[in-house]
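# Quick one: sequence and predicted model below, then my questions.
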Amino acid sequence: MKKNIKADFSKLKTFTLLLLLPTIISLKLGGLRLTPLRVMLIFNFLSSYSNVFSGRCNGKDKVDITMILFALWCLISFAVNHGMQMALESGGVLVLETVGPYLLARSLLASKESFEFLTSFLQKVIFGLFFLLAFESITSINVIKVFINPLFGSTYTDGIDKRFGFTRSRGGFDHPIISGVFCSSMIGLAWFSAEKKIRNTTVMVLATVTSFSSGAIASIMTQLLVIGWEKYVRNVNNRWRLLIILILISYGIIELISNRSGIKVIISYLTFSPATAYWRTLIWEFGINNAINNPFFGIGFNDWARPSWMHSGSMDNFFLVIMVRHGFIAFSFFAYSIYSIASRLLKLNTSDPRLKAIRRGWLAGLVGLCISACTVHFWNQAYIYLMFYLGAGCALMKFIENKHAV
């Protein structure tokens, strides 16, 4: 094995393990909070950029540009809404956490061996994490934070509500939602690429369930649907286009026969309670009005307009947050990046069974992440991981295009 491939494997390991560390492990540098993960992104930013845009990582791609444009438009929106100081501070962090992990994945994943290593290592990590999450769910003891928080001058308190008598586990993440999103992203890859796919998929599902997050549970159900569709409709031509058409037809039927909009019906089934569904419907209604009223640069970190009785300013929809905070142009750059990677991967074909399995697994995981993003907001580790996941998808697409497309 080449020396540089070993170095890439080491960086992939480091990134994954740093992702699991609580964000309380950090130091203040002026107004900037530096976590170990951010430090790694800073030190690898220029080298990753150079590797990608020099063409050394299976060539440049238009998605690389649109992802950077998305980050820069967000920075501009901060400048418009809050001034240059906020743009440089918060906008700079956003650029780092958007472009940094994306380019890191593009740079490190340039060979078949690197894709196999990453998918295998992530599953092993979740295997180990599962035991801690299960212990936390049953006992309410977060082993990671019990030991780490006191070292940084903080007393660990859970503060997370229980569901069905179990604690919502979060491990080293800031919230159970993030833990659920991270674990659920590996379900498709475990099924399609692991040798012991039933065992691995079961563990990925159980690790996700310990979060008791509706967004994560929705991701499980969606990926199981994708897995079932792939298994039983494998010999049908254009099966994924057919699935999309069936989904659109189903949505149209819901609109016709329901006294609620299709969006409201879907939201009601992606939550644990009618009250939560009703609240998220209100968030969507008032949130999208904010986006429409501020279409170019959004409202930044300013409070969004809503009735006085909606006391909480939280917005449980990642895509909606982008539209409200940064405007429709930023959202268009981001949505196009996802669409371009996914659509091109769907069209690509390869004779290599391992790459074919990883491609299917990545696409299934992407669908799950997008479903989760409609019901939760991604921040900190979840946001960084999402950008890394998209970078990995683009890297896989470029590798198959250049080396293995048939």
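Structure received.
# Which parts of the protein are strands?
27-29, 32-34, 162-163, 166-167 (DSSP state E).
# Adding mean neighbour count and mean pLDDT, write those strands out as JSON lines.
Where C-beta positions appear, they are placed from N, C-alpha and C, glycine not excepted. As requested, the strands of the chain are exported to JSON lines (neighbours: other C-beta atoms under 10 Å; pLDDT from 0 to 100):
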{"stretch": "strand 27-29", "mean neighbour count": "9", "mean pLDDT": "82"}
{"stretch": "strand 32-34", "mean neighbour count": "14", "mean pLDDT": "85"}
{"stretch": "strand 162-163", "mean neighbour count": "14", "mean pLDDT": "77"}
{"stretch": "strand 166-167", "mean neighbour count": "18", "mean pLDDT": "85"}
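# for the ones you listed, which one sits closest to Asn302?
Among the strands of the chain, strand 32-34 comes nearest to Asn302, with 21.5 Å by C-beta to C-beta.
# Summarise which helices and strands the closest one is packed against.
When contacts are defined as 3 or more C-beta pairs under 8 Å, 6 or more residues apart in numbering; DSSP states H and E, strand 32-34 packs onto strand 27-29.
# and the strand it packs on, how far out from the chain's middle?
How far strand 27-29 lies from its chain's middle: 26 Å, per C-alpha atoms, centre = their mean, to the nearest Å.
# Stretch 245-254 now?
26 Å.
# For it, what does the pLDDT average out to?
Throughout stretch 245-254, pLDDT has a mean value of 71.
# CA atoms only for that stretch - export them in CSV, please.
Provided in CSV are the C-alpha atoms of stretch 245-254 (Å, rounded to 0.1, in the frame of the first residue of the first chain):
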residue,chain,number,x,y,z
ILE,A,245,-43.1,9.1,-10.4
LEU,A,246,-45.0,6.9,-7.9
ILE,A,247,-44.0,9.2,-5.0
LEU,A,248,-45.2,12.2,-7.0
ILE,A,249,-48.5,10.5,-7.9
SER,A,250,-49.0,9.5,-4.2
TYR,A,251,-48.4,13.1,-3.2
GLY,A,252,-51.0,14.3,-5.8
ILE,A,253,-53.5,11.8,-4.4
ILE,A,254,-52.9,13.0,-0.9
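# can you redo the strands of the chain as TSV with distance to Gly361?
Converted to TSV, those look like this (distance: least, C-beta to C-beta, whole Å):
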stretch	distance to Gly361
strand 27-29	37
strand 32-34	33
strand 162-163	28
strand 166-167	28
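# and of those strands, who's closest to Pro101?
strand 32-34 (15.6 Å).
# Sheet partners, orientation included, of that closest one?
Sheet pairing here is set by DSSP bridges, and for strand 32-34 it gives strand 27-29 (antiparallel).
# Relative to Trp240, tell me which of the strands of the chain wins on proximity.
Per C-beta to C-beta, nearest to Trp240 of the strands of the chain: strand 162-163, 33.9 Å.
# which one of the strands of the chain lies closest to Leu369?
Closest among these, using C-beta to C-beta: strand 162-163, at 21.8 Å.
# how far is the closest one from where the chain is centred?
24 Å.
# What pairs with that strand, parallel or antiparallel?
strand 166-167 (antiparallel).
# and the strand it pairs with, how far out from the chain's middle?
For strand 166-167, the distance to the chain centre is 24 Å (C-alpha atoms, centre = their mean).
# one step back: looking at the strands of the chain, which is closest to Tyr389?
strand 32-34 (23.0 Å).
# what residues does the closest one touch?
Residues from elsewhere that reach strand 32-34, judged by C-beta atoms under 8 Å, 6 or more residues apart in numbering: 23, 26-28, 89, 93.
# What of stretch 234-245?
229-230, 233, 346.
# Sort out which residues of it are buried, please.
Neighbour counts over stretch 234-245 (16 or more other C-beta atoms under 10 Å) mark 240, 243 as buried.
# now do the same end-to-end measure for it.
17 Å (C-alpha to C-alpha, to the nearest Å).
# follow-up on the earlier one: please type out the ChimeraX selection for whichever of the contacts of stretch 234-245 turn out to be buried.
Provided next is the ChimeraX selection string for whichever of these are buried by 16+ other C-beta under 10 Å:
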select :229,230
